[in-house]
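**Q** A structural model of the following input is requested.
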Amino acid sequence: KIIGAINCLHDITVRKRTENALRESEERSRAVIHQSTAGIVGTDLMGRIIFANEKFCSMLGYKQHELIGKTIFEITHPGDMAESRRLFRRIVRKAEPYQLEKRYRRKDGAALWVSVSASPLRDAEGKTQSAVAIIIDISDQKKAQAFLEDRARGLEGEILAISDREQRRIGQDLHDSLCQHLTAIAYMARSVALRLKNHRVIEVEHIEKIAQLINDGVTEARTIARGLHPVEMEPPGLVTALAALVKQPHWPVRCRLEADEEISVQDSTVALHLYRIAREAIINANKYARAREIIVRMKHSTKGIELSVIDDGVGIPANSSAGSGMGFHIMEYRARSIGARLEIKPIKPHGTRVTCYVRK
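**A** Model prediction:
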């Protein structure tokens, strides 16, 4: 017969609290992983995927069960395969984390640029058991980078074209002006030398003509040099340089300067950029406007100084946007670099005005 019972009671409150805390911690971790805005994926030491969060699945267009069991190399772009394998082997053998920009292949076959930060997961003895990676979609960054690189290559080509144009202009200036003066001087000097050799009388006018040609050559050399670095350090230097600019003989279209009295730019850097803007606008007007006259106008305004280049040519074509060319972009860059604003507008009845507004 059963004559009684013995009950043994063990207090498991602490254990239950620990289990509950562990379960809550796991639930929180699971929620963080699956609600993360970054892709998170875990793999074994063979690279097989053992878990993937919702973000990673959506990035690649797979369901979770479709990814589980695949290796990370099956979804890696062939062009990035070798580097991915090399870095994964480093995690397995040396437990070294890595960061890598690479391409995955989505389920639809499209390439996806991502940034991968992978780390080893170790057991209590410090031995690597698996790996986990955080994946961030950088497709938009790569597209922007590619756009900027294409734009930079285009700009490099246009800058080289501008450089070639400037070299041709300097060569033409040297040929058409200075070289002609030097040729004339050489011719007259030979003539005088022959007269001396033949003991003939040398006319004073011939010597004076040689001296005049030399002086003209010096003036032309100074004009060309002024074009390379035109603005003197003194405040009135800009107006002086603009006056010399409009008088250069090689302009196909007549140019003139209109400037307020006692106008000056104190900052030599600002003055140099304004000169370059005016010169680029004059070049463009001569090249494209088919104008009869170009006016460079510099005046005071209530907010500062206005420098304008105005032509009476054909104006801006209806099917062309103002400021779409490389010349405008260069002028706009110069204006921004000195805190100014550049504006290009058609004027009535016809023509174009390029204006740079410089604040006080």
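**Q** okay, and the beta partners of the residue lying closest to residue 133 once chain neighbours are set aside?
**A** Closest residue in space to residue 133, ignoring its immediate chain neighbours: residue 118 at 4.0 Å, by Cβ to Cβ, 6 or more residues apart in numbering. Just so you know, the C-beta spots here come from the backbone N, C-alpha and C atoms, and that holds for glycine as well. Beta-bridge partners for residue 118, by DSSP bridges, are residue 98, residue 133.
**Q** and residue 118, how far is that from residue 41?
**A** Look at residue 118 and residue 41: by Cβ to Cβ, to the nearest Å, they are 9 Å apart.
**Q** which residues do those two both contact?
**A** Shared contacts of residue 118 and residue 41 (Cβ atoms under 8 Å, 6 or more residues apart in numbering): 132-133.
**Q** pull the number of nearby residues for residue 351.
**A** 22 (other Cβ atoms under 10 Å).
**Q** residue contacts, it?
**A** Contacts of residue 351 (Cβ under 8 Å, 6+ apart): 289, 291, 310-313, 315.
**Q** and the pLDDT for the closest residue to it other than its chain neighbours?
**A** Distances taken as Cβ to Cβ, 6+ apart put residue 312 closest to residue 351, at 4.4 Å, once the chain neighbours are dropped. Reading off the confidence values, residue 312 has pLDDT 93.
**Q** correct me, but residue 312 touches residue 291?
**A** Yes: counting by Cβ atoms under 8 Å, residue 312 does reach residue 291; the two are 5.2 Å apart.
**Q** CA atoms of stretch 262-273 as CSV?
**A** Output in CSV follows, covering the C-alpha atoms of stretch 262-273 (Å, rounded to 0.1, in the frame of the first residue of the first chain):
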residue,chain,number,x,y,z
GLU,A,262,36.8,106.0,-61.2
ILE,A,263,35.8,102.4,-61.3
SER,A,264,38.3,99.9,-59.9
VAL,A,265,38.6,96.4,-58.5
GLN,A,266,40.8,96.2,-55.5
ASP,A,267,41.2,92.4,-55.4
SER,A,268,43.7,91.3,-58.2
THR,A,269,42.2,87.8,-58.2
VAL,A,270,38.7,89.1,-58.8
ALA,A,271,40.1,91.4,-61.5
LEU,A,272,41.8,88.6,-63.3
HIS,A,273,38.7,86.4,-63.3
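**Q** list the buried residues for that stretch?
**A** For stretch 262-273, burial by neighbour count (16 or more other Cβ atoms under 10 Å) applies to 265, 270-273.
**Q** for the helix or strand residue 242 falls within, packing partners?
**A** Using DSSP states H and E, residue 242 sits in helix 237-246. Applying 3 or more Cβ pairs under 8 Å, 6 or more residues apart in numbering; DSSP states H and E, we find helix 237-246 packed against helix 204-228, strand 254-259, helix 268-284, strand 293-300.
**Q** output the contacting helices and strands for the first one.
**A** Contact analysis of helix 204-228 by 3+ Cβ pairs under 8 Å, 6+ apart lists helix 139-173, helix 179-197, helix 237-246 as its packing neighbours.
**Q** pLDDT on the longest one, on average?
**A** Right, helix 139-173. pLDDT averaged over helix 139-173 gives 73.
**Q** the residue nearest to residue 121 when sequence neighbours are not counted: neighbour count?
**A** Excluding the flanking residues, the one nearest residue 121 by Cβ to Cβ, 6+ apart is residue 130, at 4.7 Å. Residues lying near residue 130 (other Cβ under 10 Å) number 17.
**Q** so residue 130, which of the three states?
**A** Three-state call for residue 130 (DSSP: H, G, I helix; E, B strand; the rest coil): strand.
**Q** angle of the helix holding residue 242 against strand 254-259?
**A** 160 degrees (axes from the mean of the first three to the mean of the last three Cα atoms, to 10 degrees).
**Q** what about residue 198, distance to residue 192?
**A** 11 Å.
**Q** ok, now residue 291?
**A** Taken as Cβ to Cβ, the span from residue 291 to residue 192 is 45 Å.
**Q** then the helix holding residue 242 to PDB, C-alphas only?
**A** C-alpha atoms of helix 237-246 as PDB (Å, rounded to 0.1, in the frame of the first residue of the first chain):
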ATOM      1  CA  GLY A 237      44.500  97.600 -63.800                       C
ATOM      2  CA  LEU A 238      41.300  95.900 -64.900                       C
ATOM      3  CA  VAL A 239      40.000  98.900 -66.900                       C
ATOM      4  CA  THR A 240      43.400  99.300 -68.500                       C
ATOM      5  CA  ALA A 241      43.500  95.600 -69.500                       C
ATOM      6  CA  LEU A 242      40.000  95.700 -70.900                       C
ATOM      7  CA  ALA A 243      40.800  98.800 -72.900                       C
ATOM      8  CA  ALA A 244      43.800  96.900 -74.400                       C
ATOM      9  CA  LEU A 245      41.600  93.800 -74.900                       C
ATOM     10  CA  VAL A 246      39.000  95.500 -77.100                       C
END
